[in-house]
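Student: dropping a prediction and its sequence here:
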Amino acid sequence: MSRDSNITKIIGKDNLNKLRATKCLLIGAGGIGSELLKDLILMEFGEIHLVDLDTIDLSNLNRQFLFRQRDIKQPKSTTAVKAVQGFNNSKLIPYEGNIMDTTQFPLHWFGEFDIIFNALDNLAARRYVNKMSQFLSIPLLESGTSGFDGYMQPIIPNETECFDCTKKETPKTFPVCTIRSTPSQPIHCIVWAKNFLFAQLFAADINVDSNSENKDWGTTDEDEIKRIKQETNELQELQNIILSGDNSLIPKIIEKIFIHDIEKLLKIENLWKTRTKPIPLNINDIKTDLTDRDLDLSALWSIQDQIQKFSSITSKLMKRMEEEDNHIEFDKDDKDTLEFVSTAANIRSHIFNIPQKSVFDIKQIAGNIIPAIATTNAIIAGLSSLVSLRVLSLLDYAKISKPTDLNMTFTTKASNISQNRYLSNPTLAKPNCNCPVCSKVMRGVMNIPSNIFKELKLKDVINILAAKYNFDTEELSILDTTGQRLLSDFDFDSLDEKTLEEIKVVPGSVILVTDETEDENGMGLKPLELYIEAKDINIGKISDIALPDLKIPLVQMTTPEEQNNESSTFETAVLQTNEVINLDIDDDNEDLKKRKLQEESSNATQNKRSKHEEDDMEIIEEDDIIELD
Ligand SMILES: Nc1ncnc2c1ncn2[C@@H]1O[C@H](COP(=O)(O)OP(=O)(O)OP(=O)(O)O)[C@@H](O)[C@H]1O
Ligand SMILES: [Zn+2]
């Protein structure tokens, strides 16, 4: 039986030829990406371009089956391509790089592909690729897994909902005061050990900004804020001990953080009115024994063992600081850094009467890991590759009459829909009319000759845009959505005389152009989002700038209720105008926190990163990072 007989049976000879002429982009060569690469090769896609920014880690080998021990530290994309050469008929092109790097991957590069597969592990890159697919109207197959959970969503620009049509959970954050003063769960102590103590002592360039007046401390208690600031300064002194390399000073570190700091905390009586008071370590428990002992990483150690291990690991890390340029990053796979964070967290837990955790458990939490399951990756990648045949209209017996006939898939557990089946696969929804990425704006590419970025002024751009789209220059607001900066509006024109180079509008920037003019019915022109591209011509002129030919429709700018609420006094009317402008800016920018996206209860993908409560402890899932403020 020939290699392609199965795929020929499924899609037919003609369609196989079309597939062989199809060029696809696969982003991510990790868990899902390895599976997808194998699937796409076996299906015989014509060209597969594979992008990944990372190198191979030991912890990848259990599921990223294309990699072997000898490949550790090698780039994922090139290694994956080498691994499949033996059974490959497709043209494979690997790239080492960040897909968001506009120099390596400019917009027109994305434009070469017929279809894009996302096999990523973070929100920022997923959102970015979603935007690129929207700008260029290229179908995107989005996917993700977390343990036994997973989802796969085809996105057909302008026809079906995009990745940003539903609100995604933002990273979990903890108030500073919980972490620094009143921990009550193991995770609080782990965050303290990793993000404050370890970062301060070993990652020398991480500067905790203790004096920032605008910082949200999570408390208004002046004494407590003062204490946190002072403690931060003292931590810097501890860093000097680490840098001195003198391990006879290790007991001083222990005394400071596990006795003196706790005693200071106890003096803030307000904190302990409703909480159990912490009990500082006993000075007699602090002994200098720097022997490096092997302890069971999945067991709970006694407090004496924790203190002993903390001392010996600190001594080891002090030595490494000399060898590693005074800078060590926390890495869950670096046993020394993991054991430092584990012992520091557990000693703090002991002091605050919080259950301790094994090093193994802390590795999961501090590394934000839900163990990845190879089978889930295989299922999701399989569905993604299979559905791509329907997206490309190559599956004659399952033809679609419209893109919303396509199905997405998610695991039932991730959606809470029904407990009786593993997968749910509803058809796709239409774009959410409030989506800041796919619905609320028109979109296009502005091509500017590369030589004129240093002479083209923002004012010139405003005039060019106004002439092309009939905008009112007096009412135009321009926002750099990449950097979240207002560049110009009716009462802010100080950048108008600056050149694009000066205001850092560069190839790859995305600007949002809004004409604030409204007619008596609250209607105005739909905002326009423009991707800035550099045109490589010899000596380009302003007249060589190319803008998309778009007919910009009128949309409702102010709702009738907002109009009715308009105040009669001048002062409040001005306030309201400002408010409307701010809301517009927020609305049209996915990353600003005040998004007013309506949550679509029918769509379950938003629940896909559920939060487990386990042993009174929160486990932070895949994309979540622990942020402190
Ligand atoms: N901006 C990006 N550009 C290119 N590749 C990216 C980008 N962001 C993430 N990736 C890649 O996407 C892949 C995601 O794979 P996966 O979820 O299996 O993560 P992993 O890092 O391999 O494993 P784990 O995080 O579970 O240890 C990774 O190989 C990662 O390097
Ligand atoms: Zn959308």
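Tutor: The structure has been received and is ready for your questions. Ligands and ions are numbered 1, 2, ... in the order given.
Student: any idea how far Leu297 is from Phe202?
Tutor: 21 Å (Cβ to Cβ, to the nearest Å). (Glycine included, C-beta is placed from N, CA and C.)
Student: of those two, give the one with the bigger neighbour count.
Tutor: Under the neighbour definition other Cβ atoms under 10 Å, Leu297 and Phe202 were set side by side, and Phe202 has more, 25 against 16.
Student: ok, the nearest residue to the more buried one once chain neighbours are set aside - contacts?
Tutor: Nearest residue to Phe202, sequence neighbours excluded (Cβ to Cβ, 6 or more residues apart in numbering): Ile328, at 4.3 Å. The contact partners of Ile328, taken as Cβ atoms under 8 Å, 6 or more residues apart in numbering, are Phe202, Ala203, Leu317, Arg320, Met321, Asp334, Thr337.
Student: mind doing that once more with 7 Å?
Tutor: Shown here is Ile328, whose contacts under the criterion Cβ atoms under 7 Å, 6 or more residues apart in numbering are Phe202, Ala203, Leu317, Arg320, Met321, Thr337.
Student: and Phe65, by the same measure?
Tutor: When contacts are counted by Cβ under 7 Å, 6+ apart, Phe65 touches Ser34.
Student: just the element for it, please.
Tutor: Under the assignment given by DSSP states H and E, Phe65 is not contained in any helix or strand.
Student: try Leu25
Tutor: Using DSSP H and E, the element containing Leu25 is strand 23-27.
Student: work out the sheet partners of that strand and label each with its direction, please.
Tutor: Strand 23-27 has the following strand partners under DSSP bridges: strand 47-52 (parallel), strand 115-118 (parallel).
Student: re earlier: and the contacts of Ile328, which is the shakiest by pLDDT?
Tutor: When those are sorted by pLDDT, the bottom entry is Ala203 at 82.
Student: that residue pairs with what?
Tutor: Beta-bridge partners for Ala203, by DSSP bridges, are His327.
Student: now it: how far from ligand 1?
Tutor: The span separating Ala203 from ligand 1 equals 20 Å under the rule Cβ to the nearest ligand atom, to the nearest Å.
Student: that residue: how many residues sit nearby?
Tutor: Using other Cβ under 10 Å, Ala203 is surrounded by 17 other residues.
Student: from Ser311, how far off is it?
Tutor: Relative to Ser311, Ala203 is positioned 20 Å away (Cβ to Cβ).
Student: now swap in Pro548 and tell me
Tutor: 64 Å.
Student: who's more crowded, these two?
Tutor: Between Pro548 and Ser311, counted using other Cβ under 10 Å, Ser311 has the larger neighbour count: 22 against 15.
Student: list the buried ones in whichever strand or helix holds Asn377?
Tutor: Assigned by DSSP H and E, Asn377 falls within helix 374-391. For helix 374-391, the neighbour count (16 or more other Cβ atoms under 10 Å) marks 376-381, 383-391 as buried.
Student: what do you get for stretch 349-365?
Tutor: 349-352, 354, 356-359, 361-365.
Student: and that stretch with ligand 1, contact?
Tutor: No. Contact of stretch 349-365 with ligand 1 is not found when judged by Cβ under 6 Å from any ligand atom; the minimum separation is 11.2 Å.
Student: please work out which residues outside that stretch touch it.
Tutor: Applying Cβ under 7 Å, 6+ apart, the set of residues contacting stretch 349-365 is 183-187, 189-190, 258, 262, 276, 278-281, 297-300, 303, 332, 338-339, 341-342, 345-346, 619.
Student: now for Asp536: which residues touch it?
Tutor: With contacts defined as Cβ under 7 Å, 6+ apart, the neighbours of Asp536 are Ser450.
Student: how far away is it from Asp71?
Tutor: Summarising the geometry, the distance separating Asp536 from Asp71, computed by Cβ to Cβ, is 37 Å.
Student: quick one on the thing from earlier: now list the buried members of the contacts of stretch 349-365.
Tutor: 183, 185-187, 189-190, 258, 262, 278, 280-281, 297, 303, 332, 338-339, 341-342, 345-346, 619.
Student: just the ones of the residues you listed in helices?
Tutor: For these, membership in helices holds for Pro186, Ile187, Cys189, Ile190, Ile262, Ile303, Leu338, Glu339, Val341, Ser342, Ala345, Asn346, with DSSP state H as the criterion.
Student: return the member of the residues you listed nearest to ligand 2.
Tutor: Ile187 (32.9 Å; Cβ to the ion).
Student: tell me the pLDDT of whichever residue of the chain sits closest to ligand 1.
Tutor: Relative to ligand 1, the nearest point of the chain is Gly30 (1.9 Å; Cβ to the nearest ligand atom). At Gly30, the predicted lDDT confidence score is 95.
Student: isn't it right up against Gln64?
Tutor: Yes. The pair formed by Gly30 and Gln64 meets the contact definition of Cβ atoms under 7 Å, at 6.1 Å.
Student: neighbour count winner among these two?
Tutor: Comparing Gly30 with Gln64 by neighbour count (other Cβ under 10 Å), the higher total belongs to Gln64, at 25 against 22.
Student: list the buried residues in the longest helix seen in the chain.
Tutor: If you go by DSSP H, the chain has its longest helix at helix 222-244. Of the residues in helix 222-244, those buried by neighbour count under the rule 16+ other Cβ under 10 Å are 224-225, 227-229, 231-232, 234-235, 238-239, 241-242.
Student: which other helices and strands contact that helix?
Tutor: Secondary structure elements in contact with helix 222-244, counted by 3 or more Cβ pairs under 7 Å, 6 or more residues apart in numbering; DSSP states H and E, are helix 176-180, helix 199-202, helix 250-255, helix 303-323.
Student: for those helices, which one sits closest to Gly150?
Tutor: Across those, Gly150 has its closest neighbour in helix 176-180 (31.7 Å, Cβ to Cβ).
Student: restrict the closest one to CA atoms and write it as PDB.
Tutor: What follows is helix 176-180 as a C-alpha-only set of coordinates in PDB (Å, rounded to 0.1, in the frame of the first residue of the first chain):
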ATOM      1  CA  VAL A 176       1.600  42.900  47.800                       C
ATOM      2  CA  CYS A 177       0.500  42.900  51.400                       C
ATOM      3  CA  THR A 178      -0.700  39.300  51.300                       C
ATOM      4  CA  ILE A 179       2.600  38.200  50.000                       C
ATOM      5  CA  ARG A 180       4.800  40.400  52.100                       C
END
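Student: who does it touch, helix- and strand-wise?
Tutor: For helix 176-180, the contact count by 3+ Cβ pairs under 7 Å, 6+ apart identifies helix 186-191, helix 222-244 as packing neighbours.
Student: distance from the chain centre to the last one, please.
Tutor: It refers to helix 222-244. Shown here is helix 222-244, whose average C-alpha point lies 31 Å from the average C-alpha point of the whole chain (Cα atoms, centre = their mean, to the nearest Å).
Student: ok, Val387 touching Ile155?
Tutor: No. Contact between Val387 and Ile155 fails when scored by Cβ under 7 Å: they sit 11.2 Å apart.
Student: quick revisit: would you list the strands paired with strand 23-27 in JSON lines and tack on mean neighbour count and mean pLDDT?
Tutor: Shown next, in JSON lines, are the strands paired with strand 23-27 (neighbours: other Cβ atoms under 10 Å; pLDDT from 0 to 100):
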{"stretch": "strand 47-52", "mean neighbour count": "24", "mean pLDDT": "98"}
{"stretch": "strand 115-118", "mean neighbour count": "26", "mean pLDDT": "98"}
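Student: where among the helices and strands packed on helix 176-180 is the average confidence lowest?
Tutor: Set side by side, these differ in mean pLDDT, and helix 222-244 is lowest with a mean of 78.
Student: how big is the angle separating that one from helix 303-323?
Tutor: Inter-element angle recorded for helix 222-244 and helix 303-323: 60 degrees (by axes from the mean of the first three to the mean of the last three Cα atoms, to 10 degrees).
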